[in-house]
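# here is a sequence with its predicted model. Questions after.
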Amino acid sequence: MEETRLMRKGQTVLGQLVAFEATARLGSFRAAADELHITTGAVAQQVRLMEQKLGVDLFERLPRGTRLWPEAQGFLSKVQLALDLVNDATRELTARRSGTRTLTLSTTGAFASRWLIPKLAHLSEAEPALAVMVDASNAARSLHGNDAVDMAIRWGTPPFPGCHVYPLFLGSIIPVCAPGVKRQYRWQTLNDLTEDAPLIADSHENWSKWFAARGVTSSSTVQRFSQTSLAIEAAERGLGIALAPEVLVTGALAGGGLVRALDEDEVMDTDAGFYLLTAREPDADSDLGKVVEWLLGNSERAAPG
């Protein structure tokens with residue numbers, strides 16, 4: 001009990017918890033230091049002081065980074081919950097003082113531009129006092145610790161450790177191109193794309209994966225882009241055929257800006273999908289709970305059939 005009082009009185013306890021959480025989540029003192037904008041030595045010292053107070057080693061020090069000891073995993077979960085509560089309280093207080101209620105959503109540029117942004121006006125109509133700030137980047141923002149976001153939408157495959165997970169869109173990837181490009185060729189199957197077909201790829205390298213899964217060798221030239229949104233835009237501009245999650249091109253297909261490049265049964269099956277992630281399950285009547293419910297409702301109505 002006396003030790004608990006001492007830790008509560010210590011002026012640096014919160015800093016030690018933040019340093020511990022960031023190191024555990026990111027796997028090294030250096031990565032934690034970069035996120036917290038302090039030196040690597042400062043992070044290591046904060047963690048060392050916490051270990052001394054607790055009388056327990058929290059990390060295994062490795063040649064390249066750190067690894068949380070299994071017995072400290074439960075401690076990490078509770079620390080993350082506590083820091084999340086502090087962040088929530090801070091945001092609520094700021095919102096009351098400013099008269100606004102803003103939540104931050106981290107997602108990829110492709111999902112933001114192709115699905116989310118066109119629908120945000122409907123969220124504003126449903127919750128006029130609530131705003132969502134979209135942080136669109138391929139770099140995943142954390143749901144825990146310093147500078148955490150309220151929620152994230154990411155393409156991937158579960159599990160997502162330390163997150164409450166909601167599936168949004170689980171589906172296949174389809175080849176698309178501009179109508180004019182389709183009219184120039186007689187493509188029907190994947191085999192038709194193995195020679196002299198203008199292929200467009202993003203960082204996921206799905207063309208090579210699809211050819212390999214079908215046991216097909218391709219000599220076609222591939223134009224590469226770092227982001228899926230750029231690959232889709234290149235297809236719309238007539239540069240060739242892009243592979244994209246169907247949910248990201250549903251609007252363009254409906255509007256005629258894109259068409260399926262191959263027969264409708266030619267799809268690339270994948271276990272991945274877009275998932276909505278939160279640090280923990282939100283209360284249904286909270287601001288976060290309302291946005292989660294809205295996103296889930298819209299994904300059900302918009303899911304490709």
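Yep, that arrived. If you're wondering where the values come from, they're calculated on a predicted model, not measured in any experiment.

# any stretches of the stretch 201-305 of the chain with poor pLDDT?
Along the stretch 201-305 of the chain, segments meeting pLDDT under 70 span 301-305.

# which residues of it fall in helices?
206-213, 228-236, 246-255, 287-302 (DSSP state H, counting those that start in this stretch).

# which stretch among those helices comes nearest residue 40?
Residue 40 sits nearest to helix 287-302 of all the helices of the stretch 201-305 of the chain, at 33.4 Å, using C-beta to C-beta. C-beta coordinates here come from the backbone N, C-alpha and C atoms, glycine included.

# enumerate every residue touching the closest residue to residue 72 other than its chain neighbours.
Leaving aside its sequence neighbours, residue 72 sits nearest to residue 58 (C-beta to C-beta, 6 or more residues apart in numbering; 4.7 Å). Residues in contact with residue 58 (C-beta atoms under 8 Å, 6 or more residues apart in numbering) are 20, 24, 47, 50, 51, 68, 69, 72, 75.

# for residue 58, give its distance to residue 125.
48 Å (C-beta to C-beta, to the nearest Å).

# one step back: quick one: which of the contacts of residue 58 is nearest residue 135?
residue 24 (23.1 Å).

# quick check: next helix or strand after the helix or strand hosting residue 78?
Secondary structure from DSSP states H and E places residue 78 in helix 73-98. Per DSSP H and E, helix 73-98 leads on to strand 101-107 as the next helix or strand towards the C-terminus.

# give me the helices and strands touching that following strand, please.
helix 73-98, strand 130-136, strand 151-156, helix 287-302 (3 or more C-beta pairs under 8 Å, 6 or more residues apart in numbering; DSSP states H and E).

# switch the cut-off to 6 Å
strand 130-136, strand 151-156, helix 287-302 (3 or more C-beta pairs under 6 Å, 6 or more residues apart in numbering; DSSP states H and E).

# report the rounded mean pLDDT for the helix or strand just after it.
Using DSSP H and E, the next helix or strand after strand 101-107 towards the C-terminus is helix 109-111. In this model, helix 109-111 has a mean pLDDT of 90.

# also stretch 176-184?
95.

# still on that earlier bit, quick one: closest of the helices and strands packed on strand 101-107 to residue 210.
Where the helices and strands packed on strand 101-107 are weighed against each other on C-beta to C-beta, the nearest is strand 151-156, at 16.2 Å.
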